[in-house]
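In: Let me see the structure of the following:
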Amino acid sequence: MPPTAQSLWTLWKRLRAGHVRILWLVLGALLMVSVLPLGLYHRLVLQLSQDKLVDTERVQQTDLVRSLAQEIQHFESNLTEQLLSERQILDLTGLIENVEDPAAEPKVTHLLENFVESNPNTFIYLTAVGKSGRGTGASQGNFRAEQDPFVAKALQRAFVTCLQSQQLQVAKFRSDPLALAPGNRPAFVVAVPLKDMSDNFTGMLAAVVSLDAILRRLQDASVRGRSVFIVDHNGRIVAHHDSKNFVPGADARDNALVAQVRALPQDLRNTETKRFRETVKKRSVEMIGTYSTFPELNWAVIAQRSLDAAESDTGVDELNRQALVFASIVVLAAIVVGYFFAVGISGPIRGLAASTRAISRGEFHQRSVARGALEISELAENFNKMAADIEEFIEKLKEAAEENRELFIGSIRMLAAAIDEKDPYTRGHSGRVAKYSTVIAQEMGMSAEELDQLKISALLHDVGKIGVDDRVLKKPGSLTTEEFELMKQHTVKGANIMRPVS
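Out: Sure, this is the predicted structure:
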């Protein structure tokens, strides 16, 4: 097991067994008391801030989409009025009945060119065609409608719709959203039928309308993580602030707001805000979005933004950073204060533990410093008193043991002297043996206990003489064989006398 894992495992076992240092207990308690309420308060404030944030974002998005919807309606009504005004000019000049007449073509072209030049930011291309579909046109710059297949197809559909305007009961035609090169610029085709005084179909006046002004408005509104775009009722992009990634006419039905717009009746005007989740770069993101429909064009303006971006915009991230800094300061202060408090408690206790270990080793002079809290000081004083009592008792035991030893040695000496007195020939022999044996043992490095045992053994080595008859022990002459054998037995008797009792 790695050292770190081993340390964690050891700490876990101590926690389960309740063997935790006072330092960690105090630090943990201070951190719980200081940081936990702060964290709960911050969470409550953050929740309230998020609720307020959602309400604020809802109001902002609602105002934004409604304002944009009104601007787009005004934009569309203005261009329709301008187109109708141009048709009225064709009618007043008598050109409306046969715009494809070669004689009338220069005048029609001149009128169309003047109209396009006077509206350079709106009309990219304007054309007037007769009943056969032939006619003339004018455009901005080098734009050629016939070279764009989508524009050409939209103009063809416009002609068919205008041709059948009476049967279809329509006053104008508006195409699906188009993407113009270069840059996928948003646009659409709008057309009105041309009719003579008898209300007979004589042709069509059609224009390719640029939505660049609307696109710039969407881009201006799409700031700080907010995305604003326009979709039609079929769920296709009309204009998107990110025209590089969202091309006009692209399918946007996978968006939750677009799906809700498609589910509404086409003639319903509605504004609604909802929260939903969207997958961005394989990550689920919580969003808040608002849509506003306007049936006049069957379009809807949508504004959406992630809650993370909204929080960052309203300063929630800064609030979190400030809270983190403040919490870090509080934690650091709690650790410093807790450390000193814990040291003030655990230091004297560690001193008591060290004194206890010293006494267990026989160091009875050890004392603990009486400092710290009142209870700990009292404990240290009582411990010191106990240690002093133990030391005094041990000293008395040592003195008593020494006295007993001296008495015992004295008794042995008296016994040895009595034995030596029994045999005048060997008087003082046991003392001399004890003396020489002790000197030799000391040179050999024997312990004090071994020296005592040796001294006692030396003094009592002739104790067996007590059991030898005086007539044999004190015989002045030579011993007989029988007497010599009896004399040798004093050694065996002495060994039996000194044999320890089991």
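In: Let me know the secondary structure of A128.
Out: strand (DSSP: H, G, I helix; E, B strand; the rest coil).
In: For the stretch 201-350 of the chain, give me the ranges with low pLDDT.
Out: For the stretch 201-350 of the chain, applying pLDDT under 70 flags the ranges 312-320, 322-324, 327, 334, 338, 341-347.
In: ranges for the helices of it?
Out: 212-221, 256-262, 307-313, 316-360 (DSSP state H, counting those that start in this stretch).
In: Among those helices, show me which one is buried the most.
Out: helix 256-262 (a mean of 19; mean count of other Cβ atoms under 10 Å). Every residue, glycine included, has its C-beta placed from N, CA and C.
In: Off-centre distance for that helix?
Out: 35 Å (Cα atoms, centre = their mean, to the nearest Å).
In: Does anything pack onto that helix? Which helices or strands?
Out: On a contact count with 3 or more Cβ pairs under 8 Å, 6 or more residues apart in numbering; DSSP states H and E, helix 256-262 meets strand 271-280, strand 283-294, strand 299-306.
In: so can I have a markdown table of those showing mean neighbour count?
Out: Shown next, in a markdown table, are these (neighbours: other Cβ atoms under 10 Å):
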| stretch | mean neighbour count |
| --- | --- |
| strand 271-280 | 14 |
| strand 283-294 | 19 |
| strand 299-306 | 24 |
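In: so which of those strands comes closest to A29?
Out: strand 283-294 (37.3 Å; Cβ to Cβ).
In: Now the closest one - C-alpha only, PDB.
Out: The C-alpha trace of strand 283-294 is given here as PDB (Å, rounded to 0.1, in the frame of the first residue of the first chain):
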ATOM      1  CA  ARG A 283     -22.400  19.000 -22.400                       C
ATOM      2  CA  SER A 284     -25.900  19.600 -21.100                       C
ATOM      3  CA  VAL A 285     -26.300  23.300 -20.400                       C
ATOM      4  CA  GLU A 286     -29.300  24.900 -18.500                       C
ATOM      5  CA  MET A 287     -30.800  27.600 -20.600                       C
ATOM      6  CA  ILE A 288     -33.400  30.300 -20.300                       C
ATOM      7  CA  GLY A 289     -35.100  31.600 -23.400                       C
ATOM      8  CA  THR A 290     -38.100  33.700 -24.600                       C
ATOM      9  CA  TYR A 291     -39.900  33.700 -27.900                       C
ATOM     10  CA  SER A 292     -42.400  36.200 -29.400                       C
ATOM     11  CA  THR A 293     -44.500  35.300 -32.400                       C
ATOM     12  CA  PHE A 294     -46.100  37.800 -34.900                       C
END
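In: so where do the strands sit in the chain?
Out: With strands called from DSSP state E, the chain shows them at 123-130, 135-139, 173-174, 178-180, 185-195, 201-210, 226-232, 237-240, 271-280, 283-294, 299-306.
In: Nearest to R357, out of the helices and strands packed on helix 256-262?
Out: With Cβ to Cβ as the yardstick, what comes closest out of the helices and strands packed on helix 256-262 is strand 283-294 (59.2 Å).
In: What is the closest one packed up against?
Out: Partner elements for strand 283-294 (3+ Cβ pairs under 8 Å, 6+ apart): helix 22-92, helix 256-262, strand 271-280, strand 299-306, helix 307-313.
In: For D101, give me its contacts.
Out: Neighbour list for D101: G130 [criterion: Cβ atoms under 8 Å, 6 or more residues apart in numbering].
In: any idea how far it is from P193?
Out: 18 Å (Cβ to Cβ, to the nearest Å).
In: next one: I390
Out: 121 Å.
In: And the two? Which one has more around it.
Out: P193 (24 against 12; other Cβ atoms under 10 Å).
In: For that one, which residues are in contact?
Out: Counted by Cβ under 8 Å, 6+ apart, P193 has contacts C162, L163, S165, F201, G203, M204, L205.
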